[in-house]
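# I need the structure of the sequence given here:
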Amino acid sequence: MFEQDDADRGQVGIGTLIVFIAMVLVAAIAAGVLVNTAGFLQATAEDAGQESVDKVTNRVDVVSTHGIVNETDGNRTIDVLNLTVRMAAGSGSVDVSSTTVKYLSGSTAQTLTYENKTIKNVSGSAFIAESLDDDDNSFEVLNSQADRFELRFNTSKIEGAGINGTSTGDTVKLDITTRSGGTTQVILTMPQQLAGADNDNPVPL
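Have a look, this model is predicted:
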């Protein structure tokens, strides 16, 4: 006698195969979209993180500051500000030619950009830089902790016509911002006593 098999049997046909393939394709496409989206988000997050790090680390340190005395008709002012700068600890290379400086005094607010000129010929909306120590001749780029550049500001030009620089007791705030967004702030107060200083003499600030 033959045994009767009542178990369910799978049915495979061309229709079932088409449905199965379609499901696989949809799943593959969805997985591809998810992978691409995840990759894009990761790359965006990495870029944003690096930009945030650069804003904190890629900046300059101010090593020393001094001013130059201008004597006109017995009146003494500071008509040139000099800042010696270097790379901050952990900073990448800093190009001073693409650096901007926000200049703020009691009477003037200016955003200054770099000009490759002498201090006497620089415009009232700019600053200049000079190399003090640069072993690999990388000026205008600070690329070593040993590099020292001097940023120079002609306050007679910046403050405007008829004003021979900054006077005794005046305060000047400088925000030095590199191309990547790192900012260093310096506040300079002009000396209270310039009576004994000769024309073109340096005085500490």
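
# so which helix or strand of this structure has the lowest pLDDT on average?
Ranked by mean pLDDT, DSSP states H and E, the weakest helix or strand in the chain is helix 14-57, scoring a mean of 69.

# just give the nearest non-adjacent residue to residue 98, would you?
residue 179 (4.3 Å; Cβ to Cβ, 6 or more residues apart in numbering). Using the backbone N, CA and C atoms, a C-beta is placed for each residue, glycine as well.

# what about the one you found, how many neighbours?
For residue 179, the neighbour count with other Cβ atoms under 10 Å is 14.

# likewise residue 114?
Quick note: residue 114 (other Cβ under 10 Å) scores 19 neighbours.

# please report how far it lies from residue 149.
Distance from residue 114 to residue 149, counting by Cβ to Cβ, to the nearest Å: 11 Å.

# got it, and residue 28?
Relative to residue 149, and taking Cβ to Cβ, residue 28 is found at 57 Å.

# so for those two, which residue has more residues nearby?
Using other Cβ under 10 Å as the criterion, residue 28 and residue 149 rank with residue 149 on top: 25 against 10.

# which residues touch the helix or strand encompassing that one?
Using DSSP states H and E, residue 149 maps to strand 148-154. For strand 148-154, the external contacting residues (Cβ atoms under 8 Å, 6 or more residues apart in numbering) are 63, 79-86, 96, 101, 103, 112, 119-120, 122, 124, 127-134, 139-140, 142, 174, 176.

# who's in contact with stretch 182-191?
Under Cβ under 8 Å, 6+ apart, the answer for stretch 182-191 is 54-62, 65, 67, 77-78, 81, 83, 88, 91, 94, 166-177, 203-205.

# just the strands in this structure please.
For the chain, the strands defined by DSSP state E occupy 60-72, 75-87, 94-95, 100-104, 109-114, 126-133, 141-142, 148-154, 171-177, 183-189, 202-204.

# and for residue 114 and residue 149, which residues touch both?
Residues touching both residue 114 and residue 149 by Cβ under 8 Å, 6+ apart: 96, 129, 140.

# who wins for neighbours among the residues you listed?
Neighbour-wise, the shared contacts of residue 114 and residue 149 (other Cβ under 10 Å) top out at residue 96, 23 neighbours.

# list the contacts for that one?
85, 114, 129, 140, 141, 142, 149, 151.

# the third one contacts residue 114, doesn't it?
The reference is to residue 129. Yes - assessed by Cβ atoms under 8 Å, residue 129 is found in contact with residue 114 at 6.5 Å.

# find the residues that touch each one of the two.
Shared contacts of residue 129 and residue 114, counting by Cβ under 8 Å, 6+ apart, come down to 96, 97, 140.

# distance between stretch 127-145 and the chain's centre?
Stretch 127-145 sits 17 Å away from the centroid of its parent chain (Cα atoms, centre = their mean, to the nearest Å).

# show me what counts as buried in that stretch.
Neighbour counts over stretch 127-145 (16 or more other Cβ atoms under 10 Å) mark 127, 128, 129, 134, 139, 140, 141, 142, 143 as buried.

# could you find the closest non-adjacent residue to the fifth one?
With Cβ to Cβ, 6+ apart as the measure, residue 131 is the residue that lies nearest to residue 139, at 4.2 Å, once sequence neighbours are left out.
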